[in-house]
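J.: Predicted model, plus sequence, below.
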Amino acid sequence: MTNLLQIEKLTKIYPNGVRALDDVSFDVPKGQFVAVIGLSGSGKSTLLRCINRLVEPTSGRVLFEGRNVTAANDAELRRIRRRIGMVFQHFNLVHRSTVLTNVLAGRLGYVSPFWSLVNRFPKEDVEKAHQQLARVGLQGRAHNRADALSGGQQQRVGIARALMQDPTLILADEPVASLDPVLAHSIMEHLEQINRDDGVTVLCSLHFLDLVHQYADRVVALNEGKLMFDGLPTEIDDAMFKDIYGQEAKRVG
Amino acid sequence: MRTLLYTFAIIIGIIIYAYGFQVTQVDLDELGSPTRQESLRRILRALARPDFIEYEKEEFQVETPIYVPCPAGGAPASALDQSGPYMVVTPPCAEPETEVSVEGFNFAPNTEGPLNFIPPSGVSLQLGRIASDGSGHFALTVKLRDRASPEPQLLRAVTRRSIGGPRLSQNGIDTIDKILETVFMALLATTAGTILAIPLSFFAAQNLMRTVTSPVPSIALSILAAPLGILIGGQVAGWLIKLGLPLASNLAANGVGLIVIALLLMAAMRWLATPAETDPKTASGRLWQVGALLLASIGGILLFLLLSNLAVNVGELLTPRLGRMGFLGNFLTKLGEILQLLIVPICALITAGVLMNLAGQLGQKLVERATDQLGWLLNLLLAALAGAVLFLLIGLAVEWLYEIRTPMNTRIIPALVGAAAGLFIGLRTRYDDSLPVGLTIYSVTRTVLNALRSIEALIMVIVFAVWVGIGPFAGVLALGLHTVASLAKLYSEQVESIMDGPLEAVLATGANRLQMIVYAVIPQIIPPYISFTMYRWDINVRMSTIIGFAGGGGIGFLLQQNINLLNYRAASAQIFAIAIVVSLMDYISSALRQRVV
Ligand SMILES: Nc1ncnc2c1ncn2[C@@H]1O[C@H](COP(=O)(O)OP(=O)(O)O)[C@@H](O)[C@H]1O
Ligand SMILES: [Mg+2]
């Protein structure tokens, strides 16, 4: 297997001095479902955002499909970003736009800038948007306003938007943290299916260990920006658990 | 200790207020003096009776004979017609210079007028004034004049009675005319101000500008490209206008040309903007694209030229034929003229923008390719050059403004200082450092907007009235400028408070900055923008009512004239009109705003 993503000595120090990532290195082979775990504030979001440079890393390198993300200029970065879908904890839909427009936004990196500015997309893209909406079970909701949807539905729109990018990698930053546990599984199942059927690599930060056990092929654990653990979900024993989550943490479920 | 402090504070307070009374000349004696009270009464009564409505009146006379002096055998009785208004004199005859009492019946209620004595000479002498009560009755005693005659003489009461219903007085008509002018002044100023304020507000929003960074060579090249672009764009647009004018002079040629060029442009667009962008473009493909883009922009300029000319021509054709609706034709003409005026500056700005963008990209490329030594050299040279050009331009502006004719001071020295400053910056930065240009643009925009905003429109209009003459157009310009400044500020605060999430999400898909603005920023700011625009229209209506005081036209102009003429009843009509329109606007705008948000 070739490595889709290589992270080398990645460090991020925020302007306020917080060292959110500290010399983190790991590789992700194509097709893997990787869970990123850690307490809140451990640097999970920072890690995911450094990969597509929504956050500018302080030092270290990120290679995606062999291309150096950290050294890319604006145009290159946009071409890299359009192959990396991102799913957010708070969905990050544009509330006042329609579901369809939100999904079509996933094509912005591909379409001609001029036509997209007047909200014109190629016919194939519009068809594709409807297909993706059907895939996440939202057929018929295309012309609703995004904020008319429930949380779980909004997250599925977020997934459809990521799918529009024809991604080879999906970064999911706590995609289920603001959803009911029941809905959490439906979202995770969508991600799992995309991973299994489309061969899309998934890097997903998660809060709950039971979700990790159920969906992830591999776990990467962060604590105060340092990589604490990198292995199979089943390898996390009680000692490891206490290292990741702190001594007071109790293992449930 | 504490009480001491309080005492001290109170004493200071008393001193401040005492001084305030002194400088503002508070004078209670003046308030109470009888002449002042009389003035107050006069103005309040005038205000309470706005000159807005009048009744059409006709003059109307009632006569009764009188004998001066009494003839032998007393005054002959005369038939009294009691069907209309009539007067009874007692006694019916009297000696000159004696008093008689006059009673009137059946007069129009509450009218007044002179009571005249008409001797045989026919020259009427006023004896007094009659004033009828609510039932049309009056009584008064007058002293007869020294005009003796054996003939019967006449007492004549002259009153006015209204025929027909109420109608607007001339002042009322003028008031309505001017209040409409005022509302439209506000509308135009708000529209123009909004159009300009929207793009400015993006430059004044910190969250959008913070992420815009650029290395020194890019910035320097952009600075060099800006004046070049303005020069080239303006020049080319000028040529094209000259070239296109013969085509535009003839209505038919104009129309045909418009259609042909529009079709050509559409085809070019289709071909240019292939729906999907291919990955790294080939050099020849790029060249083709640039060429096509150039042709397309030339076509675009011609299109605008023809369009504006068409508007002017059609407008001029229509104006005389539309009769009362002629203002529609006039509107078309004016729109065309505005478009024509805008072609050159817009062209210059767009060319400057495009050139700056290209120069920035070129700088980026240079930075990526350059070796360290070359980069260092480039950094120094470009920074020095850009600094020199920038300062030279400022020097030229100073030269023009103050009419200084010493090139040494306004050209050479600034250029040298600028070059030195550029060198300094070039030395202090690495060539591949990213400088926060966005934040610089943000601060400059904010500063200019704040400065503009602090000048009241009422003061700005003085400058514009000198420029374009006293009248509503000066008012529109002043209000418009003030609107730009204040709306851009309000808008940009809205941009700063939008949710970051959608912005990140759109950027993460590989969208560029413009796409991010269209897809993530604009949908979020539409409701507050509409609400602020409405609010601003409300304020502009308020402001435009008084902007006439300083030469801005509208109702304020009329109001000021009437006040200067001491014509308070007329002024009162305008004051009421302002009150009604302002409160109406207030109500409408708040109702609409509630609906939008
Ligand atoms: N924009 C920022 N500026 C400064 N500090 C930040 C910023 N974002 C995150 N941090 C800090 O970086 C650390 C890691 O944050 P984050 O990556 O959000 O962790 P997680 O997603 O695991 O909760 C935290 O201590 C947080 O306070
Ligand atoms: Mg997080």
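T.: Noted; the coordinates are in hand. Note that the coordinates shown come from a computational prediction; the quantities given were computed from them, not determined experimentally. Ligands and ions are numbered 1, 2, ... in the order given.

J.: Convert stretch B:361-375 to CSV, retaining C-alpha atoms only.
T.: The C-alpha atoms that make up stretch B:361-375 are tabulated as CSV, following Å, rounded to 0.1, in the frame of the first residue of the first chain:
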residue,chain,number,x,y,z
GLN,B,361,1.4,36.8,-9.1
LEU,B,362,4.6,37.6,-11.0
GLY,B,363,6.1,38.7,-7.7
GLN,B,364,5.0,35.4,-6.1
LYS,B,365,6.5,33.4,-9.0
LEU,B,366,9.8,35.3,-8.7
VAL,B,367,9.9,34.7,-5.0
GLU,B,368,9.4,30.9,-5.5
ARG,B,369,12.0,30.6,-8.2
ALA,B,370,14.7,33.0,-6.9
THR,B,371,17.8,31.9,-5.3
ASP,B,372,18.7,33.6,-2.0
GLN,B,373,21.0,36.2,-3.4
LEU,B,374,18.8,37.0,-6.3
GLY,B,375,15.8,37.2,-4.0
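
J.: quick one: is it near chain A?
T.: Yes - shown here: stretch B:361-375 in contact with chain A (C-beta under 8 Å from any C-beta of the partner chain) through B:364, B:368. From N, CA and C alone the C-beta is placed, and that goes for glycine too.

J.: which residues sit against that stretch?
T.: Contact with stretch B:361-375 is made by A:73-74, B:214-215, B:217-222, B:378, B:382, B:430-432, as judged by C-beta atoms under 8 Å, 6 or more residues apart in numbering or on different chains.

J.: try 7 Å this time
T.: With contact meaning C-beta atoms under 7 Å, 6 or more residues apart in numbering or on different chains, stretch B:361-375 is reached by A:73, B:215, B:217-218, B:221, B:378, B:431-432.

J.: Repeat that for stretch B:136-154.
T.: Outside stretch B:136-154, the residues that touch it by C-beta under 7 Å, 6+ apart are B:63, B:65-69, B:71, B:94, B:96-109, B:115, B:117-120, B:125, B:127-128, B:130-132.

J.: any weak-confidence spans in chain A?
T.: A:1, A:251-253 (pLDDT under 70).

J.: For chain B, give me its nearest residue in the stretch 1-150 of chain A.
T.: Closest contact between the stretch 1-150 of chain A and chain B, by C-beta to the nearest C-beta, is at residue A:109 (2.4 Å).

J.: That residue touches residue A:77, doesn't it?
T.: No - using C-beta atoms under 7 Å as the test, residue A:109 is too far from residue A:77 to be in contact (10.2 Å).

J.: more neighbours, those two?
T.: Shown here are residue A:109 and residue A:77; by other C-beta atoms under 10 Å in any protein chain shown, residue A:109 has more neighbours (27 against 18).

J.: Quick check: closest non-adjacent residue to the more buried one.
T.: Counting by C-beta to C-beta, 6 or more residues apart in numbering or on different chains, residue B:510 is the residue found nearest to residue A:109 once chain neighbours are left out, at 2.4 Å.

J.: Look up how far residue B:593 lies from that neighbour.
T.: In this view, residue B:510 and residue B:593 are 37 Å apart by C-beta to C-beta, to the nearest Å.

J.: sorry, back to before: in JSON lines: the contacts of stretch B:361-375, plus secondary structure and neighbour count.
T.: What follows is the contacts of stretch B:361-375, written out as JSON lines (DSSP: H, G, I helix; E, B strand; the rest coil; neighbours: other C-beta atoms under 10 Å in any protein chain shown):
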{"residue": "A:73", "secondary structure": "coil", "neighbour count": "12"}
{"residue": "B:215", "secondary structure": "coil", "neighbour count": "24"}
{"residue": "B:217", "secondary structure": "helix", "neighbour count": "28"}
{"residue": "B:218", "secondary structure": "helix", "neighbour count": "25"}
{"residue": "B:221", "secondary structure": "helix", "neighbour count": "25"}
{"residue": "B:378", "secondary structure": "helix", "neighbour count": "21"}
{"residue": "B:431", "secondary structure": "coil", "neighbour count": "23"}
{"residue": "B:432", "secondary structure": "coil", "neighbour count": "15"}
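
J.: can you tell me the helix or strand for the residue of the stretch 401-550 of chain B at minimum distance from chain A?
T.: In the stretch 401-550 of chain B, the residue that lies nearest chain A is residue B:510 (2.4 Å; C-beta to the nearest C-beta). Using DSSP states H and E, residue B:510 maps to neither a helix nor a strand.

J.: again with residue B:529
T.: Per DSSP H and E, residue B:529 falls inside helix B:522-547.

J.: buried ones in that helix?
T.: By 16 or more other C-beta atoms under 10 Å in any protein chain shown, the buried positions in helix B:522-547 come out as B:522-525, B:528-547.

J.: okay, among the contacts of stretch B:361-375, which ones form the most distant pair?
T.: Farthest apart among these by C-beta to C-beta are A:73 and B:378. That separation is 16.8 Å.

J.: contacting residues for residue 239?
T.: Since you didn't name a chain, this refers to chain A. Per C-beta under 7 Å, 6+ apart, neighbours of residue A:239: none.

J.: And for the lengthiest helix in chain A, what's in contact with it?
T.: Secondary structure of chain A read by DSSP state H shows that its longest helix is helix A:181-198. Residues outside helix A:181-198 that contact it (C-beta under 7 Å, 6+ apart) are A:33, A:136, A:152, A:155-156, A:159, A:163, A:170, A:172, A:175-176, A:179, A:200, A:202, A:204, A:211, A:215.

J.: Take these and keep only those in helices.
T.: If you go by DSSP H, the contacts of helix A:181-198 have A:152, A:155-156, A:159, A:163, A:211, A:215 in helices.

J.: Between those residues, which sits nearest chain B?
T.: Proximity of the ones in helices among the contacts of helix A:181-198 to chain B (C-beta to the nearest C-beta) peaks at residue A:163, which lies at 11.1 Å.

J.: Would you mind measuring from the closest one to residue A:229?
T.: From residue A:163 to residue A:229 the distance is 30 Å (C-beta to C-beta).

J.: neighbour count winner among the two?
T.: More neighbours surround residue A:163 than the other of residue A:163 and residue A:229, with 25 against 17 (other C-beta under 10 Å).

J.: Go ahead and confirm the more buried one touches residue A:132.
T.: Yes - look at residue A:163 against residue A:132 with C-beta under 7 Å: they come within range, at 4.8 Å.
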